[in-house]
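Chemist: Got a predicted structure here, sequence first:
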Amino acid sequence: MESGSRRPWRPSRRGLVLGAGALAAIRPAWAAGEERHGLSSFGELKYGPGFERFDYVNPIAPKGGRFSTQLAGTIGNQSLNTFNTLNIYVLRGDGAAGLDQTFDSLMVRALDEPDAVYGLVARAVTVSPDGLTYTFALRPQAHFHDGSRLTARDAAFSLKLLRDKGHPSIAEVIRPMTDARAEGDDTLVVTFAEGRARDLPLFVAQLPIFSAAYYGARDFEASSLEAPLGSGPYRVGAVDPGRSIGLDRVPDYWAADLAVTAGQNNFDAIRYEYFRDRTVAFEAFKSGAFTFREEFTARVWATGYDFPAATEGRVIRQTVPDARPSGTQGWWINTRRAPFRDPRIREAIGLCFDFEWSNRNLMYGAYTRTASFFENSDLKATGKPSAEELALLEPFKDLPPEVFAEAWTPPVSDGSGQDRALLKRADALLREAGCTRQGGGLLLPGGQPLAIEFLDDDPVFQAVTQPFIRNLGLLGIKATHRTVDPSQYQARVNDFDFDVTSRRFAGGVTPGSELRELYGSRAAATPGSNNLSGVADPAIDALLTAIADAKSRAALTTACQALDRVLRARRLWVPMWYSGAHRLALWDLYGRPANPPTYDLGAPGTWWYEADKAKRIGRD
């Protein structure tokens, strides 16, 4: 089993996928003040000026039909299991799926490049010699769904609104944006503070643009089920709060003929279904209540697809390679709480999880143990630090010695479920930390019992957590697993009111300033941030700056590897597992491009409905 990801804000339709790889790239050398049609972290662009479409789309994909699915990854305030607001860009409420598809942005990502963005609302951008001022030239034909023109004033209003009142995972990242101002209807000037992160302009360029007139009469921070005024390829359709939300394609979408949208947004309607229970969700999929499913439960993938629609070929399964870093899925330990401030106690807790037993007995051997915060990528630290890594690490004399040795990896158990050697090692660490046994319980140095509550909003991890809890009990640690409703869960996590919780954060191969929201000291003290562990460490902050400021991919790789070593040494989490592929199950209704994008599934954006297939399986 594998959780659906709850991740830091990154727009799913046009967000930053952070990845590297060999690119047949154009490497433009723009002069200061020269207009650019695209941006990337290190100046690499695959597509030149005047390109007609992205290579991974079908330019003649038919329009029509429906696509229905569940939310698989969250942005902003979204919850996987419910929703009660149509504003996903603030902290309040549980946001609905798909709202990012109703808004346009200045630029959009190319899904076959690590981090390049190209103009959508902005046809071009110029950059000042010092890299602190970006001037966007907007397309005059851009407009909102009510017909009103989208201008530079709306864009400036939106950027400042998100900086000042947006969800912390947005606001914290864009705080170094000092100003956004309109110079007429078609010119937006965005300025940044000195020392701004390398990728911050790319992040800003992909933020949603709101109507200043619309929000001038409404409270942006309010939780609301009123469909917001957007400008994107879809608008909100039927809404059943907490159960489903529909999106309807805008037939006269202003940007439909642009190169960055060609061959995309092909479905007339998209619907997201919500279920509180995964078993109920799977039964709904089997009955055809929704038609596209990414399978996150290894047991179901191995044994559950024997229902009639699957055996008859009406439902098909596909395994699609995932070239992106696997993300960070694990049990995050809240170091803000006194019992968990000692890394020896945290390491002892981690030694009680027997991955090898769980993978074999509960997950059909489907997974590989995660060791790194940049797993499945060349950003992962291996072996001893290189000379370049040491140059970043050596100024910090109080780092654990293991940072300068072989990169730490979780120990491999004997697969028995209760590896005596690992439990003995855990017991020794607890005693070294000053813990004592009294009767059947373990006491902290201050005499208080060591107790742990595993907090979740979905019982899916219960089967894996219970053996973990039993092993903790062998050491005298009283551990429990508590599942609460999604709203209560989100409120508690926003307030950091938990001992341990499971979470997966998606990653990529060109990380930048967004990592501060996961591991930065400022985020540790910001309610609602994704720094779940509460880590606040000057060495980590310095490495986060080195990552955000890296001037080359080699420098970025070095800084990430150094950060990986330090994060691993801090024992902030109990790493879970990963798979280097997407497991897809779908009713056989769809077509997809022959040359799919490298760094994204491309669904539903680049897929399309095939009427002949639908007729064949009786779903027309």
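Modeler: Structure received. Residues are numbered from 1 along each chain as shown.

Chemist: all contacts plus neighbour counts: C-alpha atoms, from now on.
Modeler: OK.

Chemist: can I assume Leu229 sits in a strand?
Modeler: No. Under DSSP: H, G, I helix; E, B strand; the rest coil, Leu229 falls outside any strand and is assigned coil.

Chemist: could you list every residue that touches it?
Modeler: Contacts for Leu229 were tallied using Cα atoms under 8 Å, 6 or more residues apart in numbering; they are 144-146, 210-211, 214.

Chemist: roughly how far apart are the residue of the chain most remote from its centre and Leu475?
Modeler: Computed with Cα atoms, centre = their mean, the residue of the chain farthest from its C-alpha average is Gly439, at 44.1 Å. With distances taken as Cα to Cα, to the nearest Å, Gly439 is found 11 Å from Leu475.

Chemist: Which one of the contacts of Leu229 is nearest to Arg293?
Modeler: Among the contacts of Leu229, His145 lies closest to Arg293 (Cα to Cα), at 30.1 Å.

Chemist: Not counting sequence-adjacent ones, nearest residue to the closest one?
Modeler: Closest residue to His145 apart from its sequence neighbours, by Cα to Cα, 6 or more residues apart in numbering: Ser231 at 5.3 Å.

Chemist: before we move on, the earlier item: and the residue farthest from the centre of the chain, backbone torsions?
Modeler: Note on Gly439: backbone dihedrals following degrees, to the nearest 10 are phi 70, psi -130.

Chemist: right, and Arg337 touches Val500 too?
Modeler: No. The pair Arg337 / Val500 is not scored as a contact, 10.3 Å apart, by Cα atoms under 8 Å.

Chemist: Pick out whichever of those two has more residues nearby.
Modeler: In this view Arg337 and Val500 are compared by other Cα atoms under 10 Å, and Val500 has more residues nearby, 24 against 14.

Chemist: For that one, give me the pLDDT.
Modeler: Note on Val500: pLDDT of 98.

Chemist: That one reaches Ile333, doesn't it?
Modeler: Yes. If you go by Cα under 8 Å, Val500 and Ile333 touch, sitting 4.7 Å apart.

Chemist: What is the burial count for Asp497?
Modeler: If we define neighbours as other Cα under 10 Å, then Asp497 has 15 of them.

Chemist: And the lowest mean pLDDT element among the helices and strands of this protein?
Modeler: Here the helix or strand of the chain ranked lowest by mean pLDDT, DSSP states H and E is strand 5-6, holding a mean of 34.

Chemist: Now do the SS call for Phe290.
Modeler: Of the three states, Phe290 takes coil under three-state DSSP.

Chemist: any idea whether the nearest residue to it once chain neighbours are set aside is helix, strand or coil?
Modeler: Leaving aside its chain neighbours, Phe290 sits nearest to Ser68 (4.9 Å; criterion: Cα to Cα, 6+ apart). The three-state label given to Ser68 by three-state DSSP is strand.

Chemist: need the contact list for Ser68.
Modeler: Neighbouring residues of Ser68 by Cα under 8 Å, 6+ apart: 270-273, 290-292.

Chemist: Please repeat the previous calculation with a cut-off of 7 Å.
Modeler: 270-272, 290-292 (Cα atoms under 7 Å, 6 or more residues apart in numbering).

Chemist: per-residue confidence at the nearest residue to Tyr274 once chain neighbours are set aside?
Modeler: Nearest residue to Tyr274, sequence neighbours excluded (Cα to Cα, 6+ apart): Arg243, at 4.9 Å. Listed pLDDT for Arg243 reads 97.

Chemist: From Leu99, how far off is Arg243?
Modeler: In this view, Arg243 and Leu99 are 15 Å apart by Cα to Cα.

Chemist: cool, and Gln418?
Modeler: 46 Å.

Chemist: repeat for Arg431
Modeler: Taken as Cα to Cα, the span from Arg431 to Leu99 is 51 Å.

Chemist: Neighbour count for these two, which is higher?
Modeler: Of the pair Arg431 and Leu99, Leu99 is the one with more neighbours under other Cα under 10 Å, namely 25 against 17.

Chemist: Model confidence score at that one, please.
Modeler: Reported pLDDT for Leu99: 98.

Chemist: do Phe42 as well
Modeler: For Phe42, pLDDT reads 92.

Chemist: How about it: what's its closest non-neighbour residue?
Modeler: Ser552 is the one closest to Phe42 (Cα to Cα, 6+ apart), at 6.3 Å.

Chemist: what's the spacing between the one you found and Gly534?
Modeler: Per Cα to Cα, Ser552 is found 30 Å from Gly534.

Chemist: re the thing from before, the residue nearest to Phe42: how many residues sit nearby?
Modeler: By the criterion of other Cα under 10 Å, Ser552 has 11 neighbours.

Chemist: Check His582 too.
Modeler: That count, for His582 with other Cα under 10 Å as the rule, works out to 15.

Chemist: tell me the phi and psi of Arg181?
Modeler: Arg181 adopts backbone torsions of phi -140, psi 150, taken as degrees, to the nearest 10.

Chemist: again with the one 5 residues further on
Modeler: With angles defined as degrees, to the nearest 10, Asp186 shows backbone torsions of phi -110, psi 0.

Chemist: hey, what's the nearest residue to it once chain neighbours are set aside bridged with?
Modeler: Once flanking residues are discounted, Asp186 sits nearest to Leu138: 4.7 Å by Cα to Cα, 6+ apart. Applying DSSP bridges to Leu138 gives these bridge partners: Ala122.

Chemist: quick one on the thing from earlier: could you measure from the residue nearest to His145 over to Gly263?
Modeler: Ser231 sits 18 Å away from Gly263, going by Cα to Cα.

Chemist: Looking at these two, which one has more neighbours?
Modeler: Each of Ser231 and Gly263 has its neighbours counted (other Cα under 10 Å); Ser231 has more, 30 against 25.

Chemist: Do you know the pLDDT at that one?
Modeler: We have a pLDDT of 98 for Ser231.

Chemist: What of Ala25?
Modeler: 41.

Chemist: mind checking which helix or strand Leu390 is in?
Modeler: helix 387-393 (DSSP states H and E).

Chemist: now for that helix, which elements pack on it?
Modeler: Identification of packing neighbours for helix 387-393 by 3 or more Cα pairs under 7 Å, 6 or more residues apart in numbering; DSSP states H and E yields helix 553-570.

Chemist: Any idea how many residues pack against the closest residue to Lys160 other than its chain neighbours?
Modeler: With sequence-adjacent residues excluded and distances taken as Cα to Cα, 6+ apart, Lys160 is closest to Ala180, at 6.7 Å. Using other Cα under 10 Å, Ala180 is surrounded by 22 other residues.
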